[in-house]
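Chemist: return a 3D structure for these sequence lines:
(chains A and B)
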Amino acid sequence: MMKHKRINLIVAIVILGILVAAPFFLDDVPLRLLTEMCYMALFAVSLNVLLGYGGMLSFGHSAYFGVGAYTTAIALLHIQGIGLISAIVIGGLSALIIGAFFAVFLIRVSGTAFAMLTMAIMQICFSIALKWRSVTGGDDGLGGFEIPDLYIPLIGKIDMLETAHIYWLVLVIVVIMLAVTWYLFKTPMGRTIILLRESTSRASFLGYQNTMTKFILFMYTALLAGVAGSLFTVFQEFVSTGSIDIFRSIDAILMTVIGGVGTFFGPILGAIVYLFLQDLLSDITDRWQFFVGLLFIALVMWYRGGLMGIVTWVKNRFMEENHLKVAKEK
Amino acid sequence: MSEILKLDGVEHDFSGLKVLFGVNFYVEEGERHALIGPNGAGKTTVFNCITGELHPRKGSVLYKGNNIVGKHPFQNARNGIARSFQITNIFWNLTVRENLQSSILSRVRRRFNFWKRISAMDDVNREADHILGLLNLTEEADTPAGLLAYGQQRALEIGLTVSLKPDLILLDEPTAGMSKEETHHAVRLIRSLTEGISMVIIEHDMDVIFDLADRITVLQYGEVICSDVPSEVRNNSKVREAYLGEDEEV
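Modeler: Next up is the predicted model:
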């Protein structure tokens, strides 16, 4: 047991080390892809917190991603001398507030009605982004803002002109948010969220107030999605309705299901594989979605655990064989 | 002795179909009270009216002297009313230990604690281990509840209920679907786990009832036809009619 934990820790440190060092051995283009993988992984994890842990399917998760993306863009455009971190915090908090507002309606429904309502909410946000031209730029999108320098005490100013610098910023924020989420599901709060998925009636007869749990869950998951959206804006230096439409919601669902619903690292793996395939296949064919769709169907039909399920299976097999070897030697 | 639970003229209907016609009975503190009656008599509906799952149209449910009609199940659970379900209702994908932890965490009011890991909460884990032992599920502690044998799942169902350390415990057919052997084991388990706790139990197995209950309430077509000690209930003519049919010589 302790040995497994140590191996996991070593693997985690090695992966983190490689990620931190990535700009030293990757060119600009793959580094940009890696940055995109980072914030989309955060977005997919945010959806998975709702779907895999809370047991609720949302088709409208891009609403919160979009709110984060747009408010960060608007803040950078209109607030003179705003700091970079402040702009990202504003993006995340706006998503949280919008999440709290829609939660008032969403806590009242479950199952299919919940999925439909999330889609309707996403459409409302999408329409606002499309029609409120004076603020959002409509289908022209919003650009022309500068990404301010990042000021870190004791280190000084870091400009955001180089891809590597933006990459590190995105990486650090995403890793922090993911670490917090990972820890959350070790605590009673995380368990309380999982009980929603398992049995709301049992939970309520044990004294759990499910509506309150849902309220907290919706706000938290909106915050994660909003920060992912903010990072998207900082990275792209541009935001359009593409950040808030249904396709972005579906991207997150596909990433989560391909990677493995309800596992912590599944959606992260899903985001990496999904974006990698998109990058690889779109060079060859315009119909890259067709192949991603095939992968999706194959996994849903034959392997519900997703890619993470396969990884765990291989790992267990490997570990078990080791155990057997040890036993034989004894 | 004082009454921990008192139902007074409880009426309920499902969109016009009346199922409870003024149910009256009381449970004394520390008493094991059985609720029996033919299928469709309204036993589970009575449970739902007590726990707050349903709000009775008329009448009052007094718990420790306070009317609890209109309270939500989670509020009643926090006030010490716990129930088990006829159809097993446990957290299927969580391990047995995690199931019990969830119940204990609720009782010690750490439902929304987000700063401390559950694995570092020694008091909770010690108690979970203790209950695992009582349920005879120590070896299955890390098995997902969905993979347990049926009898073990029923035991866990009761385990979740008693982990709340309730003042009043409602058991809805705890031995449903069990063999004679399993039933015997379950009754012993219930006896040991609920020592001194007021209890209402719905049950069909007469052996279990007469073995366990201090007093019995008989429900028929949504009405209480008798509420008394077992020996009196056994000899009550209305009860005999309800169970054996009219004009039958016994």
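
Chemist: okay, residue A:159: pLDDT?
Modeler: With respect to pLDDT, residue A:159 has a value of 84.

Chemist: show the backbone phi and psi for the residue lying closest to it once chain neighbours are set aside.
Modeler: Of all residues beyond its chain neighbours, the one nearest residue A:159 is residue A:149 (5.1 Å), with distances taken as CB to CB, 6 or more residues apart in numbering or on different chains. Any C-beta I mention is one placed from the backbone N, CA and C, and that applies to glycine too. For residue A:149, the backbone dihedrals (degrees, to the nearest 10) come out as phi -70, psi 150.

Chemist: residue A:157 is in contact with residue A:149, correct?
Modeler: Yes - here residue A:149 reaches residue A:157: they are 4.5 Å apart, a contact under CB atoms under 8 Å.

Chemist: what residue ranges in the chain score low on pLDDT?
Modeler: All of this refers to chain A. When the per-residue scores of chain A are filtered using pLDDT under 70, the ranges that remain are A:1-2, A:320-330.

Chemist: chain B is the one I meant
Modeler: Across chain B, the stretches falling below the confidence threshold (pLDDT under 70) are B:1, B:244-250.

Chemist: show me what from chain B comes close to chain A.
Modeler: Taking CB under 8 Å from any CB of the partner chain as the test, the list of chain B residues beside chain A reads B:51, B:72-74, B:77-78, B:82-83, B:85, B:89-94, B:98, B:101-103, B:105-107, B:110-119, B:160, B:164.

Chemist: can we see that at 6 Å?
Modeler: Taking CB under 6 Å from any CB of the partner chain as the criterion, chain B approaches chain A at residues B:73-74, B:77-78, B:83, B:89, B:91, B:102-103, B:105-106, B:110-114, B:117-118.

Chemist: secondary structure class for the closest residue to residue B:37 other than its chain neighbours?
Modeler: The spatially closest residue to residue B:37, leaving aside those adjacent along the chain, is residue B:219, at 3.6 Å (CB to CB, 6+ apart). Under the three-state scheme (DSSP: H, G, I helix; E, B strand; the rest coil), residue B:219 adopts strand.

Chemist: beta-bridge partners for residue B:219, please?
Modeler: Beta-bridge pairing for residue B:219 (DSSP bridges): residue B:224.

Chemist: distance check, it against chain A.
Modeler: Summarising the geometry, the distance separating residue B:219 from chain A, computed by CB to the nearest CB, to the nearest Å, is 22 Å.

Chemist: what sits against that residue?
Modeler: Remark: with contacts taken as CB atoms under 6 Å, 6 or more residues apart in numbering or on different chains, residue B:219 is in contact with B:37, B:41, B:42, B:43.

Chemist: ok, back up a step: between residue A:149 and residue A:157, point out the one with more neighbours.
Modeler: More neighbours surround residue A:149 than the other of residue A:149 and residue A:157, with 15 against 9 (other CB atoms under 10 Å in any protein chain shown).

Chemist: and the gap between that one and chain B?
Modeler: Taking CB to the nearest CB as the measure, residue A:149 and chain B are separated by 34 Å.

Chemist: so which bits of the stretch 51-200 of chain A are right by chain B?
Modeler: Neighbours of chain B within the stretch 51-200 of chain A, by CB under 6 Å from any CB: A:184, A:186, A:187, A:188, A:189, A:191, A:192, A:198, A:199.

Chemist: check contacts around the first one.
Modeler: Put plainly, it is residue A:184. When the contact criterion is CB under 6 Å, 6+ apart, the partners of residue A:184 are A:190, B:114.

Chemist: tell me which of the contacts of residue B:219 is nearest to chain A?
Modeler: For the contacts of residue B:219, the minimum distance to chain A (CB to the nearest CB) is 17.0 Å, reached by residue B:43.

Chemist: burial measure for residue A:249, as a count.
Modeler: The criterion is other CB under 10 Å. On that basis, residue A:249 has 26 neighbouring residues.

Chemist: may I have the residues that are in contact with it?
Modeler: Taking CB under 6 Å, 6+ apart as the contact definition, residue A:249 lies against A:59, A:60, A:61, A:62.

Chemist: what do you get if the cut-off is 7 Å, keeping everything else the same?
Modeler: If a contact means CB atoms under 7 Å, 6 or more residues apart in numbering or on different chains, then residue A:249 has A:59, A:60, A:61, A:62, A:122 as its contacts.

Chemist: residue A:234 sits in which helix or strand?
Modeler: helix A:210-236 (DSSP states H and E).

Chemist: show the subsequent helix or strand relative to that helix.
Modeler: Scanning forward in sequence from helix A:210-236, with DSSP H and E defining helices and strands, the next element found is helix A:246-259.

Chemist: got the buried residues for the helix or strand that that following helix is followed by?
Modeler: For helix A:246-259, the succeeding helix or strand toward the C-terminus, using DSSP H and E, is helix A:266-284. Applying a neighbour-count criterion of 16 or more other CB atoms under 10 Å in any protein chain shown, one finds A:266-275, A:277-279, A:281 buried in helix A:266-284.

Chemist: any idea how far helix A:266-284 is from the chain center?
Modeler: When C-alpha coordinates are averaged (CA atoms, centre = their mean, to the nearest Å), helix A:266-284 and its chain have centres 14 Å apart.

Chemist: and that helix with helix A:246-259, angle?
Modeler: Angle, helix A:266-284 to helix A:246-259, by axes from the mean of the first three to the mean of the last three CA atoms, to 10 degrees: 110 degrees.

Chemist: which residues in chain B form helices?
Modeler: If you assign secondary structure with DSSP state H, the helices in chain B sit at B:43-51, B:73-78, B:96-107, B:122-135, B:150-163, B:180-193, B:206-212, B:230-235, B:237-244.

Chemist: contacts for the fifth one, please.
Modeler: Right, the one you point to is helix B:150-163. With contacts defined as CB under 7 Å, 6+ apart, helix B:150-163 is touched by A:206, B:82-85, B:88-90, B:96, B:99-100, B:103-104, B:107, B:131, B:135, B:137, B:140, B:145, B:148, B:169, B:171, B:174, B:177-178, B:182, B:186, B:189-190, B:193-194.

Chemist: chain center to that helix: distance?
Modeler: Per CA atoms, centre = their mean, the centroid offset for helix B:150-163 relative to its chain is 11 Å.

Chemist: name the residues of the helix or strand encompassing residue A:5 that are buried.
Modeler: Per DSSP H and E, residue A:5 falls inside helix A:2-25. By neighbour count with 16+ other CB under 10 Å, helix A:2-25 contains the buried residues A:19, A:22, A:23.

Chemist: quick check, the last one in contact with residue A:34.
Modeler: No - with the criterion set as CB atoms under 7 Å, residue A:23 and residue A:34 do not qualify as a contacting pair; they are 9.0 Å apart.

Chemist: pull up the overlap in contacts between these two.
Modeler: The contact lists of residue A:23 and residue A:34 share residue A:167, where a contact means CB under 7 Å, 6+ apart.

Chemist: which one of the contacts of residue A:249 has the most neighbours?
Modeler: The member of the contacts of residue A:249 that has the most neighbours, counting by other CB under 10 Å, is residue A:61 with 31 neighbours.

Chemist: where's it relative to residue A:45, distance?
Modeler: With distances defined as CB to CB, to the nearest Å, the gap from residue A:61 to residue A:45 amounts to 11 Å.

Chemist: could you do residue A:7 as well?
Modeler: Using CB to CB, we find residue A:7 at a distance of 23 Å from residue A:45.

Chemist: pick out the residue nearest the middle of chain A.
Modeler: residue A:43 (1.7 Å; CA atoms, centre = their mean).

Chemist: which residue packs closest to that residue, ignoring adjacent ones?
Modeler: residue A:228 (3.9 Å).

Chemist: right, I'll call it a day here.
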